[in-house]
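> could you look at this predicted model? Sequence included:
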Amino acid sequence: MATFAAAHREAINFRDELLRNRWPDDCRVAGSVEVSPSADARAHLAHARAARLLLGVWSEAQRGFVYPDFQFDRFGKLRPEVSKLLMALPGEDDRGGWRRAFWLYSPHALLDGLPPAEVFVSDPHRVLNVAVREFSPDCDSSW
């Protein structure tokens, strides 16, 4: 059985592995969500994160948020289904976004062992159904 320290180290390693994906920062995402890159863009993106329209994860090294790429289409535009997915995922006590990111980038049994973020690109509704099934407050929803 892993100790708390070992589990914590694994989480840090996984976070660092995800950050190596060089996800876009506020400046790069501002254009995708139709905000001009400026001081106002940060405020707008903070509002979008709080409203669960967009998932950002805190990067200490960059001293700001970066945005997992599954949320954007090949043209860099925000996928319309992202907000539905983020509303289904628990966001309380996740100001840094990492709990949701870990769920999105970890293999999931209901998705044939693939990470939800990978499946979302081609089948967002399948991932949304899994998230609703897993996190719905309705006890009967998993029956």
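Great, that's in hand. Numbering: from 1, shown residues only.

> do a quick rundown of the helices in the chain.
Secondary structure of the chain (DSSP state H): helices at 4-19, 26-32, 39-50, 82-88, 98-105, 116-122, 124-135.

> buried sites along the first one?
If you call a residue buried by 16 or more other C-beta atoms under 10 Å, then helix 4-19 has these buried ones: 15, 18-19. Bear in mind the C-beta positions are built from the backbone N, C-alpha and C, glycine included.

> export those as a markdown table, with columns for distance to Glu134 and pLDDT.
Output for those, formatted as a markdown table (distance: C-beta to C-beta, whole Å; pLDDT from 0 to 100):
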| residue | distance to Glu134 | pLDDT |
| --- | --- | --- |
| Arg15 | 21 | 89 |
| Leu18 | 20 | 91 |
| Leu19 | 25 | 88 |
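
> for the chain, name the helix or strand with the lowest mean pLDDT.
Among the helices and strands of the chain, helix 26-32 carries the lowest confidence by mean pLDDT, DSSP states H and E, at a mean of 83.

> by contact count, what packs against that one?
Counting contacts by 3 or more C-beta pairs under 8 Å, 6 or more residues apart in numbering; DSSP states H and E, helix 26-32 is packed against helix 39-50.

> for the helix it packs on, packing partners?
Looks like helix 39-50 contacts helix 26-32, strand 64-66 (3+ C-beta pairs under 8 Å, 6+ apart).
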